[in-house]
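In: All I have is the shape, not the residue letters:
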DNA sequence: CCCAAAATACCCCGATTACGGTATTTACAG
DNA sequence: CTGTAAATACCGTAATCGGGGTATTTTGGG
């Protein structure tokens, strides 16, 4: 899937506004024997100019807190110019929203600043080989989001048939269509629906669909 | 948050049906200077008996493919007896469903078998310190699930007011209630709703709510 | 064999919705 | 100033829905 798990040095770009930190990371990278950092930019704007010249790195280390185009906004702009470039977010922040947004934008890594050269090297290698790199704390956050999102589904005691009906209704079909699809009369569907309403304590289709989708009942 | 990032050895339990692999992992663990494995069980059933005796480890390495109670089912049973125990799934499988289910059940790690002792040590330490441990390939899968789930929201050209109305309707309220909440007449809401229907190409509230929630339009 | 749960089917009717009009006011860009 | 988009408001009607009944058949456990 990705070309470089092999011999050549992996080209890295850094985008980070703090000059001292930027150079220190660049040094760390250039001290390794597998990575090379040719571009160390202080803003997304500067980086995008470089990318437009087709001078695309395999991996970009991208700070999240940047003046002008923020790191999170930058992800999609970078991806637009160079879809194959993998982006690793690098930040001191670990608040859920930022992590969440960055990942939704398609970052393949999320590391807390404070990492050493060895860890960067490891992370970059993993990313280039098709994996993802995350600081353990970030990984835990993501897993937590996942399991919270899929809370234990409450059991409203729906029968199999009722679930089947619910599934079709939630697709956006009306009663007539749904009944036809299940080869039952509209009256029967009506009866089932009444029972479903009672079990879920709802009184309209919007209520039903809303509750079903929000509580992931299916 | 978690007690042991400190001196004492971390107690590990292994649940794995393959005797050879089980013992080999146990040996790897006992060869380290920070971990100790006192219980190496061949099934969840066996492990649960040990846990009932209050002999709870800090971390459990849990195989996913087990006879009887599967690894995924085991997670919740283990958590019920010992909520503080962190569970790391250990498996040869990396298919999305298994990963997804395990994580939703509350596993804090997911490692592919084939790992060495050093990696186990690292993973366990991370988990005990409140982080999560994932093989890079698994991490990438999870990030992919995340970003795919939050696909770029299509723009149907809804106005602010229309979005506002949509938001309220999706809560499960009917037209009358929604209109009241926005201090507008039901006729006005009707007009807006007609426009929304046209823009989203839907023809009923159920359709509307379904599409809105599925495409995360809000 | 009997009971209970589930699935099937039908009736009725007031409330609500969907959607076709039309029309006025506000806000803002050209 | 003028035109367009957006928000506001109203009318009418066919269609659908919600909820109140009742009733038969199927299925599986005791």
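Out: Alright, I've got the coordinates. Values in this document were obtained by computation on a predicted structure and should not be read as measured data.
In: what's next to stretch A:176-183, contact-wise?
Out: Residues from elsewhere that reach stretch A:176-183 (Cβ atoms under 8 Å, 6 or more residues apart in numbering or on different chains): A:164, A:165, A:168, A:169, A:173, A:185, A:186, A:188, A:189. Backbone N, C-alpha and C define where each C-beta goes, glycine included.
In: try 6 Å this time
Out: For stretch A:176-183, the surrounding residues in contact (Cβ atoms under 6 Å, 6 or more residues apart in numbering or on different chains) are A:168, A:169, A:186, A:189.
In: So for that stretch, mean pLDDT?
Out: Here stretch A:176-183 scores 94 as its mean pLDDT.
In: what's the next secondary structure element after the helix-or-strand element of chain A with minimal mean pLDDT?
Out: Using mean pLDDT, DSSP states H and E, the weakest-scoring helix or strand in chain A turns out to be helix A:96-105, at a mean of 83. Downstream of helix A:96-105, the first helix or strand assigned by DSSP states H and E is strand A:109-112.
In: now that following strand: how far from the chain's centre is it?
Out: Offset of strand A:109-112 from its chain centre (Cα atoms, centre = their mean, to the nearest Å): 13 Å.
In: Packing partners of the next helix or strand after that strand?
Out: Following strand A:109-112 in sequence order, the next helix or strand is helix A:117-128 (DSSP H and E). Helices and strands touching helix A:117-128, by 3 or more Cβ pairs under 6 Å, 6 or more residues apart in numbering or on different chains; DSSP states H and E, are strand A:109-112, strand A:133-134.
In: Tell me how far the residue of chain A positioned farthest from its centre lies from residue B:174.
Out: Distance to the chain centre peaks in chain A at residue A:187, reaching 44.3 Å (criterion: Cα atoms, centre = their mean). Distance, residue A:187 to residue B:174, by Cβ to Cβ, to the nearest Å: 24 Å.
In: for residue A:112, same thing?
Out: From residue A:112 to residue B:174 the distance is 48 Å (Cβ to Cβ).
In: neighbours around residue A:76, how many?
Out: 11 (other Cβ atoms under 10 Å in any protein chain shown).
In: nearest spatial neighbour of it, skipping sequence neighbours?
Out: residue A:105 (5.7 Å; Cβ to Cβ, 6 or more residues apart in numbering or on different chains).
In: residue contacts, that neighbour?
Out: Here residue A:105 is in contact with A:72, A:75, A:76 (Cβ under 6 Å, 6+ apart).
In: so can I have TSV of those residues showing distance to residue B:86 and pLDDT?
Out: Below are the contacts of residue A:105 laid out as TSV (distance: Cβ to Cβ, whole Å; pLDDT from 0 to 100):
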residue	distance to residue B:86	pLDDT
A:72	30	91
A:75	31	92
A:76	35	90
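In: from those, which is closest to chain B?
Out: Checking the contacts of residue A:105 against chain B by Cβ to the nearest Cβ gives residue A:76 as the nearest, at 8.4 Å.
In: which residues sit against the helix or strand hosting that closest one?
Out: Residue A:76 belongs to helix A:71-81 when assigned by DSSP H and E. By Cβ under 6 Å, 6+ apart, the list of residues contacting helix A:71-81 from outside reads A:44, A:51, A:62, A:63, A:64, A:87, A:101, A:102, A:105, A:107.
In: what about the strands in chain A?
Out: Per DSSP state E, chain A carries strands over the ranges A:10-15, A:35-41, A:59-63, A:86-91, A:109-112, A:133-134.
In: where in chain A is pLDDT low?
Out: Scanning chain A for pLDDT under 70 picks out the ranges A:1-7.
In: Would you tell me which residues of it are close to DNA strand D?
Out: By Cβ under 7 Å from any atom of the strand, the part of chain A that sits against DNA strand D consists of A:174, A:175, A:176, A:190, A:191, A:193, A:194, A:197, A:203, A:204, A:205.
In: Of those residues, grab the buried ones for PyMOL.
Out: What follows is the PyMOL syntax selecting those of the residues of chain A next to DNA strand D that are buried according to 16 or more other Cβ atoms under 10 Å in any protein chain shown:
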select buried, chain A and resi 175+193+205
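In: and of the residues of chain A next to DNA strand D, the nearest to DNA strand C?
Out: residue A:191 (4.0 Å; Cβ to the nearest atom of the strand).
In: Contacts only, for the closest one.
Out: By Cβ under 6 Å, 6+ apart, the contact set of residue A:191 is empty.
In: just to revisit the earlier point, so of the strands of chain A, which one's packed in deepest?
Out: Highest mean neighbour count among the strands of chain A (mean count of other Cβ atoms under 10 Å in any protein chain shown): strand A:133-134, with a mean of 30.
In: in its sheet, what does that one sit against?
Out: strand A:109-112 (parallel) (DSSP bridges).
In: Contacts for the partner strand, please.
Out: In contact with strand A:109-112 (Cβ under 6 Å, 6+ apart) are residues A:88, A:89, A:90, A:123, A:127, A:132, A:133, A:134, A:135, A:138.
In: Who's the closest spatial neighbour of the fifth one, skipping the chain neighbours?
Out: The shortest distance from residue A:127 to any non-neighbouring residue, by Cβ to Cβ, 6+ apart, is to residue A:86 (4.7 Å).
In: Can you name the residues bridging to that neighbour?
Out: Beta-bridge pairing for residue A:86 (DSSP bridges): residue A:59.
In: how much space between it and residue A:102?
Out: Counting by Cβ to Cβ - residue A:86 and residue A:102 are separated by 13 Å.
In: Excluding residues flanking it in the chain, which one is nearest residue A:199?
Out: Nearest non-adjacent residue to residue A:199 (Cβ to Cβ, 6+ apart): residue A:156, at 4.7 Å.
In: now residue A:194: how far from residue A:44?
Out: As judged by Cβ to Cβ, residue A:194 and residue A:44 stand 56 Å apart.
In: returning to what we had before: between the contacts of strand A:109-112, which is nearest residue B:146?
Out: residue A:132 (10.4 Å; Cβ to Cβ).
In: What is the end-to-end distance of stretch A:26-45?
Out: End-to-end span of stretch A:26-45 (Cα to Cα, to the nearest Å): 19 Å.
In: Centre of the chain to that stretch, how far?
Out: 25 Å.
In: same deal with stretch A:171-179?
Out: 33 Å.
In: cool, and stretch A:130-144?
Out: The mean C-alpha position of stretch A:130-144 is separated from the chain mean by 11 Å, Cα atoms, centre = their mean.
In: what do you get for stretch A:163-171?
Out: For stretch A:163-171, the distance to the chain centre is 28 Å (Cα atoms, centre = their mean).
In: buried residues in stretch A:63-75?
Out: A:63, A:64, A:66, A:69, A:70, A:71, A:72, A:74, A:75.
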